[in-house]
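Novice: here is the input, now give the coordinates:
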Amino acid sequence: MAAPSDDMFSRCVDPGKASNCVEVRFIDSVKGRGLFAKKPFKKGDTIFIEQPLVCAQFLWNALYKYRACDYCLRALETAEENARRLCGLPGLSLPHPELCKVRPELHQACPHCQVMYCSSECKRAAWEQYHQVLCLGPSREDPDHPINKLQDAWRNAHYPPETSSIMLMARMVAVVKQAQDKGRWQRLFSHFCSRAANEQEEIAHKLLGEKFQGQLALLRNLLTTALYDDYLSQWFTPEGFRSLFALVGTNGQGIGTSSLSQWVHACDALELPHQQREQLDAFIDQLYKDIDKETGDFLNCEGSGLYLLQSSCNHSCVPNAEASFPDNNFLLHLSALSDIRPGEEICISYLDCCQRDRSRHSRHKILRENYLFVCSCQKCMSQMEDADVTSEDEDEGEGETEGDDMEDEMTDV
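Specialist: So this is what the prediction gives:
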């Protein structure tokens, strides 16, 4: 059962404005639905801003002390704290510290389990939506608590770079368990595209590796022990759990937040005398070199979420829109990459910039392996006669997809 059209806009910051700007249409049995413009957009325009139904920080990311608000994933470290940790220089001082937007004085902890939030508003929203079910209380550090055992099993099955989280499924269950209108939430989750049984196994194999069947059974048993609910009994059957797992694996949108990135963007916007500008740019360049040497590519608080309206965007190797997270939290901004006419389909890319420049054969291989479809966008159709050849330089890192690299791209907008 698909969600009614009014539900599609229910998580937008301005649902009325969004529904006047775009619409969701059924295309065909292969592509399913797509998002289409109802008005013209200029390059750089914000098409809509959307909050996820649920989101969760990646478990390895949290374990490695990337501190994020448990509700909205806002980075909790100040830019200076973030820079010190990432480059391994505890005495580092950032110029223009006033440009950092993190406000530690507003942070609040759950009084029962000490999970952190960026504000009282986020703490209250989490408690009202899912945290009553998921709060571990004094058992937060107990390795035998069912939820901790579930998290540990996931970390042992899905190593970085992370692209999904079992806690996204746990929050789906918790939201429905806490909701007064359980049917509405089930209807909202039913919107996300489902997969055939063989495709579900392919997704599980991709996320969990060769022993995915045993891992799936273990994760299902642990989730059942931790969160079973009669109302959701179908989700806990082997078939229902596999379907839920594939839903999260297919529809989860990567989220990346960074207080340091926000500070860098604010520095870029400063109007400074030429010499001061050169000094600041040189400082930032050296900072990123130090971070690369100490930490590598893992710069952001990372997680994933389920976004109703954004999930209706199809892929194109020549996208006319992109998702970003400029507010340093879970709010997804969909922005136009080029002028868009009324009636034109709005497409994003599931590939990063480098992958989009590769051969048609390479792009199709990545999309088949990670998203289980064959692209028929304008670029792919125009290259149909190209040889099915993958060069050695294209082979390197070919399995990486938007979920691996998107966080850095999306934060650095």
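Novice: mind listing the helices for the stretch 1-150 of the chain?
Specialist: For the stretch 1-150 of the chain, the helices defined by DSSP state H, counting those that start in this stretch occupy 5-8, 15-21, 59-63, 79-87, 120-126, 132-134, 146-157.
Novice: of all these, which lies closest to Gly34?
Specialist: Proximity to Gly34 (C-beta to C-beta) singles out helix 5-8 among the helices of the stretch 1-150 of the chain, at 12.3 Å. No exception for glycine: its C-beta is placed from N, CA and C like everyone else's.
Novice: alpha carbons of the one helix or strand Met381 maps to, as PDB, please.
Specialist: Per DSSP states H and E, Met381 falls inside helix 378-382. Extracted in PDB, the C-alpha atoms of helix 378-382 (Å, rounded to 0.1, in the frame of the first residue of the first chain):
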ATOM      1  CA  GLN A 378      20.100  10.500 -21.500                       C
ATOM      2  CA  LYS A 379      23.800  10.100 -21.000                       C
ATOM      3  CA  CYS A 380      23.700   6.300 -20.900                       C
ATOM      4  CA  MET A 381      21.400   6.100 -23.900                       C
ATOM      5  CA  SER A 382      23.800   8.400 -25.900                       C
END
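Novice: now that helix: buried residues?
Specialist: Neighbour-count burial for helix 378-382 flags Cys380 (criterion: 16 or more other C-beta atoms under 10 Å).
Novice: what's the local residue count around Gly343?
Specialist: Applying other C-beta atoms under 10 Å, we find 11 residues neighbouring Gly343.
Novice: and it, how far from Cys380?
Specialist: With distances taken as C-beta to C-beta, to the nearest Å, Gly343 is found 22 Å from Cys380.
Novice: so what pLDDT did the residue most central in space within the chain get?
Specialist: Nearest to the geometric centre of the chain sits Gly254, at 2.0 Å (C-alpha atoms, centre = their mean). Note for Gly254: predicted pLDDT of 94.
Novice: that one reaches Thr163, doesn't it?
Specialist: Yes. Contact criterion C-beta atoms under 8 Å: Gly254 and Thr163 qualify, at 7.3 Å.
Novice: in contact with Val248, which residues?
Specialist: Contact analysis of Val248 by C-beta atoms under 8 Å, 6 or more residues apart in numbering lists Ser164, Ser165, Leu168, Met169, Met172, Ser304, Leu306.
Novice: please read the previous query as pertaining to Leu332.
Specialist: Here Leu332 is in contact with Ile49, Glu50, Gln51, Pro52, Gln253, Ile255, Gly305, Tyr307, Gln310, Ala323, Ser324, Phe325 (C-beta under 8 Å, 6+ apart).
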